[in-house]
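In: Got a predicted model here, sequence first, then my questions.
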Amino acid sequence: MSAELEKILDECIERLAAGGSVEACLTRYPGHRDELLPLLEAAWKAMHAAETTRQNPAAKARGLYRLTQVASQDVPQRDHTRVPFWRRPVAKPIAFALVTVLLVLGLSSVAAVRSSDAVPGDSLYWVKTTKEGVSLWLPKSDADRAEMHAHLAGDRGREMRVLVERGRLADAEQVLVRVRYHLARSADYAGVVVTVGRAEMPAPPRKLQGDPRIGIIRITLERDGEVVIARRTEIAGRIPHHNRERAQRILRDFELSYRVMLTELEGDPLVNPFWRVEPAVPFDLRIPLDER
Amino acid sequence: MGGKDGAEVLARIDGLVAQAQSGDKRALAALYDHFYDRIYRYVSFKTGNPAEAEDITEVVFLRMLESIKFYKPQGFPFSSWLFRIAHNLVVDHHRRRARDMSSPLEAASHVAGHSAVSPDEQMDVKFAMAEVNEAMEGLTDLQREVITLRFAGGLSVQETARAVGKKENAVKALQHAGIRKLRGILIPSGRPVESRPVGTW
């Protein structure tokens, strides 16, 4: 769209409004005839429609009468003089709202900090999940979202470990589902296919191929995975026998989920250090038979 | 259109505004007479309802009366200021109503209603208005505002630019884009040019 054409079009519209004809404009600018003709035709039509909008003379006269009447009454004109803010009627409600907002923000900040170690069932756990939910809603790139879900998987993993240590295994299983969810979302955003059967589902090219944040996500997963399953034998040892196998299965499932994800990110399971942290030996083999 | 408003007309309006600011009722009446049709056409185009347009137009001038004392030219044409008032009132009106506008045909039902044109001509006008109103729905808010101010309000590019808070070149570009869209809706490609009202061309 050239500025020249815009200028010519505008000039022609002015001429049309002043009573000129479309043909006169086209004759004036023969080089732009083809472009101008349809535009002027549309403009003419709109202008013609606007011009046919005729007002009711009675309404016009009535309006004038009212205007002059109001003017004669010397109605007080709008007071535009500046009144200090604190003297305006809205000052108190606004100040109250501001104080309330600040108070809420302050309390929210304290609650957010105190809720960072909360686990399901704790009073401040909802603050933690709400904060996470809000951060997930904020617009981000795929790499940011992949990284955020990896972090959230780690957070859920730590919660899961605490719940296992407390013997709340049903809750730990629920949290494990959330761990898998966050890992799956992280994989989706990173563009990797998380599967235990790679032969059946060959990995497509990564969405974030070459993105340095893939490395950060990998490091995050390795670190969190190690933290959660560290000293798992010790943890299992503290759990009553009737629940021990269930606790071990939760930790193993967690480990498996992390391994699969890391393997897909690495592309080669042999270079994954996480495999070497602790061999995948079934826990129940370590438990003396008399304790089973 | 604003093109009619030469420097002489603008100077006259400035003079009338100055007199109105000092309480001269005849100057107020002259301003009313000068702008009423354009404001009414603009409001009518925006609301699509003649009765509401009459009411809003009346309020526009009452607001003008209330606030004219505080109008300062400073390169801001009076017409732009007045159309800003009209625009704000139309926006308020839409907010209050928060409902669908009258149908284009209903909107068009008033045109030529007070003039001495034949029923056939009235029907032609109704359909032309309905068609244009429908086509205007396809424009962006800003394009519609520029086209309405230019064609219905009769403002110049400079006045329109002041009224919508844009630069003149931006207004020209919006006008161009708006007309292109209108053309696409009003005049489908391949339509024979003979369908135009020959007498006017």
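Out: In hand now; what should we look at?

In: Helices of the chain, residue ranges please.
Out: Let's take chain A. Ranges of helices within chain A are A:3-17, A:22-28, A:33-51, A:57-72, A:91-114, A:125-137, A:142-165, A:169-190, A:212-229, A:232-238, A:241-266, A:274-277, based on DSSP state H.

In: meant chain B, my bad for not saying
Out: Counting by DSSP H, the helices of chain B are B:7-21, B:25-47, B:50-67, B:78-97, B:104-108, B:119-136, B:141-147, B:157-164, B:168-186.

In: So what's the residue count around the closest residue to residue B:153 other than its chain neighbours?
Out: Closest residue to residue B:153 apart from its sequence neighbours, by C-beta to C-beta, 6 or more residues apart in numbering or on different chains: residue B:42 at 3.9 Å. (Glycine included, C-beta is placed from N, CA and C.) Neighbour count of residue B:42, defined by other C-beta atoms under 10 Å in any protein chain shown: 32.

In: Give me the residue ranges of chain A where confidence is low.
Out: The model of chain A has pLDDT under 70 over residues A:1, A:74-84, A:139, A:195-210, A:267-292.

In: run the last query once more with 80
Out: A:1-3, A:48-55, A:73-90, A:108-116, A:139-140, A:191-214, A:230-234, A:236-237, A:264-292 (pLDDT under 80).

In: returning to what we had before: need the contact list for the residue nearest to residue B:153.
Out: Shown in contact with residue B:42 (C-beta atoms under 8 Å, 6 or more residues apart in numbering or on different chains): B:83, B:86, B:148, B:149, B:152, B:153.

In: With respect to chain A, which of these is nearest?
Out: The shortest gap between chain A and any of the contacts of residue B:42 belongs to residue B:152, at 4.2 Å (C-beta to the nearest C-beta).

In: how close does the closest one get to residue A:52?
Out: Distance, residue B:152 to residue A:52, using C-beta to C-beta, to the nearest Å: 11 Å.

In: okay, those two: which has more neighbours?
Out: Shown here are residue B:152 and residue A:52; by other C-beta under 10 Å, residue B:152 has more neighbours (26 against 21).

In: Which positions in the stretch 51-200 of chain A make contact with chain B?
Out: Within the stretch 51-200 of chain A, the residues that sit near chain B (C-beta under 8 Å from any C-beta of the partner chain) are A:51-60, A:62-64, A:66-68, A:70-72, A:75, A:77-78, A:80.

In: please redo it, this time with the cut-off set to 6 Å
Out: Residues of the stretch 51-200 of chain A lying close to chain B (C-beta under 6 Å from any C-beta of the partner chain) are A:52-56, A:59-60, A:63-64, A:67-68, A:71, A:77-78, A:80.

In: neighbours around residue A:6, how many?
Out: 19.

In: wait, doesn't it sit right on residue B:170?
Out: No - using C-beta atoms under 6 Å, residue A:6 is not in contact with residue B:170, being 10.2 Å away.

In: What is the least confident helix or strand in chain B?
Out: Lowest by mean pLDDT, DSSP states H and E among the helices and strands of chain B is helix B:104-108, with a mean of 47.

In: Show me which parts of stretch B:165-180 are buried, residue by residue.
Out: Of all the residues in stretch B:165-180, those buried under the rule 16 or more other C-beta atoms under 10 Å in any protein chain shown are B:166, B:171, B:172, B:173, B:174, B:175, B:176, B:177, B:178, B:179, B:180.

In: can you tell if that stretch touches chain A?
Out: Yes - counting by C-beta under 6 Å from any C-beta, contacts between stretch B:165-180 and chain A involve B:172, B:173, B:176, B:179.

In: Make TSV from the residues you listed and add distance to residue A:108 to it.
Out: Shown next, in TSV, are the residues of stretch B:165-180 next to chain A (distance: C-beta to C-beta, whole Å):
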residue	distance to residue A:108
B:172	49
B:173	46
B:176	50
B:179	52
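
In: could you dump those residues to CSV with pLDDT?
Out: Below are the residues of stretch B:165-180 next to chain A laid out as CSV (pLDDT from 0 to 100):
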residue, pLDDT
B:172, 89
B:173, 89
B:176, 88
B:179, 89
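
In: List just the nearest of the residues you listed to residue B:134.
Out: Taking C-beta to C-beta as the measure, residue B:134 lies nearest residue B:179 of the residues of stretch B:165-180 next to chain A, at 15.7 Å.

In: was I right about the closest one contacting residue A:39?
Out: Yes - contact criterion C-beta under 6 Å: residue B:179 and residue A:39 qualify, at 5.1 Å.

In: Stretch B:71-90: how far from the chain's middle?
Out: 13 Å (C-alpha atoms, centre = their mean, to the nearest Å).

In: next one: stretch A:35-46
Out: 45 Å.

In: ditto for stretch A:234-251
Out: Here the centre of stretch A:234-251 is set off from its chain's centre by 38 Å, with C-alpha atoms, centre = their mean.

In: for stretch A:36-51, same thing?
Out: Computed by C-alpha atoms, centre = their mean, the chain-centroid distance of stretch A:36-51 equals 45 Å.

In: what do you get for stretch A:22-38?
Out: Chain-centre distance of stretch A:22-38: 51 Å, with C-alpha atoms, centre = their mean.

In: tell me which residues of it are tucked away?
Out: Neighbour count says stretch A:22-38 has A:22, A:25, A:26, A:29, A:32, A:35, A:36, A:37, A:38 buried, by 16+ other C-beta under 10 Å.

In: start to end distance for that stretch?
Out: Counting by C-alpha to C-alpha, to the nearest Å, you get 10 Å between the two ends of stretch A:22-38.

In: hmm, who's touching it?
Out: Outside stretch A:22-38, the residues within contact range by C-beta atoms under 6 Å, 6 or more residues apart in numbering or on different chains are A:8, A:12, A:15, A:40, A:44, B:183, B:201.

In: Number of residues surrounding the residue lying closest to residue B:71 once chain neighbours are set aside?
Out: In this structure, residue B:71 finds its nearest non-sequential neighbour in residue B:81, 5.7 Å apart by C-beta to C-beta, 6+ apart. For residue B:81, the count of nearby residues is 19 (other C-beta under 10 Å).

In: got a winner among the contacts of residue B:42 for most neighbours?
Out: residue B:153 (32 neighbours).

In: Could you export the contacts of stretch A:22-38 as CSV, including distance to residue A:170 and neighbour count?
Out: Listed next are the contacts of stretch A:22-38 as CSV, based on distance: C-beta to C-beta, whole Å; neighbours: other C-beta atoms under 10 Å in any protein chain shown:
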residue, distance to residue A:170, neighbour count
A:8, 77, 20
A:12, 78, 23
A:15, 82, 18
A:40, 76, 25
A:44, 76, 22
B:183, 68, 21
B:201, 83, 14
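
In: Closest to residue A:94 out of those?
Out: Of all the contacts of stretch A:22-38, residue B:183 has the smallest distance to residue A:94: 48.9 Å, by C-beta to C-beta.

In: From the contacts of residue B:42, pick the one nearest residue A:181.
Out: Residue A:181 lies nearest to residue B:148 out of the contacts of residue B:42, by C-beta to C-beta, at 51.8 Å.

In: and the closest one, what does it touch?
Out: By C-beta under 6 Å, 6+ apart, the residues touching residue B:148 are B:42, B:45.
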